[in-house]
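Chemist: Okay, sequence plus prediction incoming.
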Amino acid sequence: MIRRRAIFLSAALILAACRPDVAAVPDPVPMTAEAVGHFCQMNLLEHEGPKAQVHLKSVMHPLFFSQVRDAIAYQRMPEQSDEIIGIYVNDMGAPGASWATPGAGNWILAGDAVYVTGSRQRGGMGAPELVPFSDPDKARAYIAQYGGQLRELSQILDSEVLGTADDSASDTAPATDAVPPDDGDYARRLRALTPGETQP
């Protein structure tokens, strides 16, 4: 009996050692007056519409984005190499959430939300927006007022978040702050956000 228990324990330890190192998804960070958009470096509270925050494995603080579509664009950019362990978006169906004040703490995981695409409302940087909801019925009510289509995150095409800024005809242009700076400046900003890193 003791030997069988020892064998079972050894097998469990071996299986645990073989599991990949999966980083836990951190809790969302409340949006404050100090929060700025990662690419535009502008205060988030100065812009209307839903916001997003991206958590990277190697960066202590989240990267905030002035538009939800900017965060999804960041996730899907070929240049993005740091491991993303969580993306949160404003739940626009939460109590008190409005286009002018989307909320400071009503965050939901991007993968758990449903999205309205192609609505008549523009995001914080003046581009078409992905409007997230935790409740599909509230998303449908939004569509009845502002138009658009209901989609899950996996149904949103790369072209809808990675298109050119002037592609207004297709209504899929990314926001201005979805366009990254040159590679050197982009890398410098990420290093500046990483604890223990020094800028060149």
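Modeler: Nice, thanks for sending it over.
Chemist: and the host helix or strand of residue 70, what's its mean pLDDT?
Modeler: Element membership of residue 70, judged by DSSP states H and E, is helix 68-76. Taken as a whole, helix 68-76 has a mean pLDDT of 93.
Chemist: Check which helices and strands the helix or strand following that helix sits against.
Modeler: Per DSSP H and E, the first helix or strand lying C-terminal to helix 68-76 is strand 84-90. When contacts are defined as 3 or more C-beta pairs under 8 Å, 6 or more residues apart in numbering; DSSP states H and E, strand 84-90 packs onto strand 52-56, helix 68-76, strand 107-109. C-beta coordinates here come from the backbone N, C-alpha and C atoms, glycine included.
Chemist: Identify each buried residue in the helix holding residue 70, please.
Modeler: 68-74 (16 or more other C-beta atoms under 10 Å).
Chemist: follow-up on the earlier one: of the helices and strands packed on strand 84-90, which is nearest residue 118?
Modeler: helix 68-76 (11.5 Å; C-beta to C-beta).
Chemist: which residues are contacting that closest one?
Modeler: Identification of contacts with helix 68-76 by C-beta atoms under 8 Å, 6 or more residues apart in numbering yields 37-39, 49-54, 63, 65, 80, 84, 87, 89-90, 110, 115, 123, 125, 127-132, 153, 156, 158, 160-162, 174-175, 177-178.
Chemist: Mark which of those are part of strands, please.
Modeler: Using DSSP state E, the subset of the contacts of helix 68-76 located in strands is 52-54, 63, 65, 84, 87, 89-90, 115, 131-132.
Chemist: Good, we can wrap up now.
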